[in-house]
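>>> 3D, please:
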Amino acid sequence: MPSSEEMSKVDGDTLPSSQVENAQGYSSRNPLLHNLDGLTLYEKKCVLINREIDAQGMGKYQWYIWGLCGFGYLLDLLWAQAFGLVLGPLKQELGFGNDESGNISTSFNAGLTAGAFVWGFLADIIGRRWAFNLTCLISSIFGLCLGASNNYTTFLVLTAFVGFGVGGNIPIDTTITLEFIPQNKRFLLACLSVFQPIGVVLCSAIAFGFIPVYACSPNFSEPNPLVSCNNADAGERCCSRGDNMGWRYLLFTIGGITLAVFILRFFVFNFRETPKYLIYRGRDSQAIETLQHMAQVNKKQCGLTLELFESLQADDSSLGSGNSATPALGAGTKQLNMAWSQKAKLELSRYKMLFSSPKMTRLTVLVWLTYIMDYWGFTVAGFYLPSILALKNGAASVSLKSTYAAYIYTYAPGIVGVLLGATLYRIPAIGRKWTMVLSAALMGISIILFSTVDTRAKNEGLFTMEYFFQSMFNAVLYGWTPEAFPAPIRGTACGIAGFWGRLFGIVSPLIAQHLYGRTGENGQGDVNSVLYLAGGVMLGCVITTALLPNDMMESKDERS
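A predicted model of the protein is given here:
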């Protein structure tokens, strides 16, 4: 049996001195291990994973991940846009009033709020993989049922469950993409948002094919539209389900698209858990297996081995304290074998990262405020602007079919907005901060100006401007947020930011529907007040983004 002099203590366990010396010699010779001084064991492993991913480059595996995560972004706006486009025909058929119209957006956002909160936390607890797949499965099941609704209450309940599934997409998809792509390709995080305007355009194109064709006549945008059969007198001609199937066909189609995305994610692509989640949970060998699988798909060699991780563990003097949970972070099997009390301490220490320093506290609070005002603004704008455009165009004698065609070409420039945002934030003089400041200001101004116009060209021009700058702003915000937070808290941080945004996305339609329920100048509803509400709050993002810490906006950290 070895003597005490021949043993070295590591986190309460012992290793033969010869094994420690061999590991230390191995670590000193390996070029991957340069510039790791002053980092914790977990941070060292994160750096090595990033270097391995950088060495493999942007291979097929990364492009598969980027595309599948992009579909999550597509679904997010595909559903959000659908509720705005079906509002008119749905209201005409089911017979609810303007003062109840915001309940759809409120139900959807209630589901989104719960989804962002729950899936964000679960992504850091049970892993990214399950959340990645279950979000699409849940939203597809309830989405397919949505088109069969025969009353407003059923529609609202199903809408909330669709929102619960969709709500996890953006925080999870950005986290997964960040943890798999090379550091020099992180601009692709912002480019994920290109799928959002694509989703909006796709939804608008499907709606154009169904709603004007399968709608009651006179429809909701025309003078003297048919009343709902729920509100009609006996024998009165009314808008029935059989005459108004367009909105149902739209929702069935989107539900089918959501199911197809789930099939691609779960059955077609062999998605592995992200390495950084695995090492945080002490599952080093599985992290190496994921990197080896990725290398195999990319037709590359994986230069990172389990022995290299073990050499770091043997060489890390910080593991000497067995009483603290924090040093055990990233300690592989030793972390797995910790007592439950230590694991609980480790879990709690994760949440403290959000407020670990004054600068981190400032970042966290400003990110929350930005999400709150952003979601407030674009929830009201996204839900009410399609109906407002239809009413404004109807007042200008523009047909419903022409208006639904206009949705396609007015939303399409949002794709350019995303790409412009991704380009501007790579310019050092502008960067992420000033790209967001500029786009938030222009989005808010365009919404407010929309209240002042009354011709088709001006209506559609400002409508296009609003969505262009909305896409530009959100591309940078969604892409940067996961970069700003450490990997152990990344899913939770993005989820909480989304939670606050979605929570105020519940409140804003309630206020908007109160304003919309008042009689405006044209007798249709107080449209201008709704626009002032959306545009004014959106301008608050100019202040919060301008106050974000500069060094946490543009710096590149190998540990992230």
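
>>> alpha carbons only for contacts and neighbour counts from here, please
Will do.

>>> And the helix or strand hosting residue 479, how far out from the chain middle?
Per DSSP states H and E, residue 479 falls inside helix 456-484. Here helix 456-484 is found 15 Å from its chain centre; the criterion is CA atoms, centre = their mean, to the nearest Å.

>>> Which strands or helices does it pack on?
The contact analysis (3 or more CA pairs under 8 Å, 6 or more residues apart in numbering; DSSP states H and E) places helix 456-484 against helix 169-178, helix 187-191, helix 358-395, helix 400-411, helix 413-424, helix 431-450, helix 487-517, helix 551-554.

>>> Report the angle between it and helix 413-424.
Counting by axes from the mean of the first three to the mean of the last three CA atoms, to 10 degrees, helix 456-484 lies at 40 degrees to helix 413-424.

>>> Give me the buried positions along helix 456-484.
Under the neighbour-count criterion of 16 or more other CA atoms under 10 Å, helix 456-484 has 456, 459-460, 462-484 buried.

>>> cool, and stretch 393-403?
By 16+ other CA under 10 Å, the buried positions in stretch 393-403 come out as 393, 394, 395, 398, 399, 400, 401, 403.

>>> go on, stretch 239-256?
By 16+ other CA under 10 Å, the buried positions in stretch 239-256 come out as 239-241, 244-256.

>>> Dump that stretch to PDB, keeping only the CA atoms.
The C-alpha coordinates for stretch 239-256 follow below in PDB (Å, rounded to 0.1, in the frame of the first residue of the first chain):
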ATOM      1  CA  CYS A 239     -70.900  34.300 -40.900                       C
ATOM      2  CA  SER A 240     -70.800  30.500 -40.300                       C
ATOM      3  CA  ARG A 241     -67.900  28.100 -39.900                       C
ATOM      4  CA  GLY A 242     -68.500  26.500 -43.300                       C
ATOM      5  CA  ASP A 243     -68.200  29.900 -45.100                       C
ATOM      6  CA  ASN A 244     -65.100  31.000 -43.100                       C
ATOM      7  CA  MET A 245     -62.600  28.100 -43.100                       C
ATOM      8  CA  GLY A 246     -59.600  30.200 -44.200                       C
ATOM      9  CA  TRP A 247     -58.300  30.900 -40.800                       C
ATOM     10  CA  ARG A 248     -58.700  27.200 -39.800                       C
ATOM     11  CA  TYR A 249     -56.700  26.000 -42.800                       C
ATOM     12  CA  LEU A 250     -54.000  28.500 -41.900                       C
ATOM     13  CA  LEU A 251     -53.700  27.100 -38.400                       C
ATOM     14  CA  PHE A 252     -53.800  23.500 -39.500                       C
ATOM     15  CA  THR A 253     -51.000  24.200 -42.000                       C
ATOM     16  CA  ILE A 254     -48.800  25.900 -39.300                       C
ATOM     17  CA  GLY A 255     -49.500  23.000 -36.900                       C
ATOM     18  CA  GLY A 256     -48.300  20.600 -39.600                       C
END
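
>>> From the chain's centroid, how far away is that stretch?
The mean C-alpha position of stretch 239-256 is separated from the chain mean by 27 Å, CA atoms, centre = their mean.

>>> residues making contact with it?
Here stretch 239-256 makes contact (CA atoms under 8 Å, 6 or more residues apart in numbering) with 78-79, 82, 86, 89-90, 92-93, 139-148, 203, 206-207, 210-217, 226-229.

>>> taking the residues you listed one by one, which sit in strands?
Within those, residues falling in strands by DSSP state E are 227, 228.

>>> In ChimeraX, how would I select just the buried ones from the contacts of stretch 239-256?
A single ChimeraX command selects the buried members of the contacts of stretch 239-256 (16+ other CA under 10 Å):
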select :78,79,82,86,89,90,92,93,139,140,141,142,143,144,145,146,147,203,206,207,210,211,212,213,214,215,216,217,226,227,228,229
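
>>> which ones are touching residue 463?
Contacts for residue 463 were tallied using CA under 8 Å, 6+ apart; they are 385, 389, 410, 446, 447, 450.

>>> 7 Å instead?
When contacts are counted by CA atoms under 7 Å, 6 or more residues apart in numbering, residue 463 touches residue 410.

>>> Once you drop chain neighbours, what's closest to the spatially most central residue of the chain?
By CA atoms, centre = their mean, the mean C-alpha position of the chain lies nearest to residue 170, the distance being 1.6 Å. Excluding its sequence neighbours, the residue lying closest to residue 170 (CA to CA, 6 or more residues apart in numbering) is residue 73, at 6.2 Å.

>>> helix or strand for that neighbour, which one?
Element membership for residue 73 (DSSP H and E) is helix 60-94.

>>> re the thing from before, between the buried residues of stretch 393-403, which is closest to residue 186?
The shortest approach to residue 186 among the buried residues of stretch 393-403 belongs to residue 403, at 37.6 Å (CA to CA).

>>> residues near the closest residue to that closest one other than its chain neighbours, how many?
Distances taken as CA to CA, 6+ apart put residue 390 closest to residue 403, at 6.1 Å, once the chain neighbours are dropped. Per other CA atoms under 10 Å, the neighbour tally for residue 390 reads 26.

>>> for residue 223, same thing?
Counted by other CA under 10 Å, the residues lying close to residue 223 total 10.

>>> and what of residue 268?
Counted with other CA under 10 Å, residues neighbouring residue 268 total 10.

>>> Roughly how far does it sit from residue 64?
As judged by CA to CA, to the nearest Å, residue 268 and residue 64 stand 11 Å apart.
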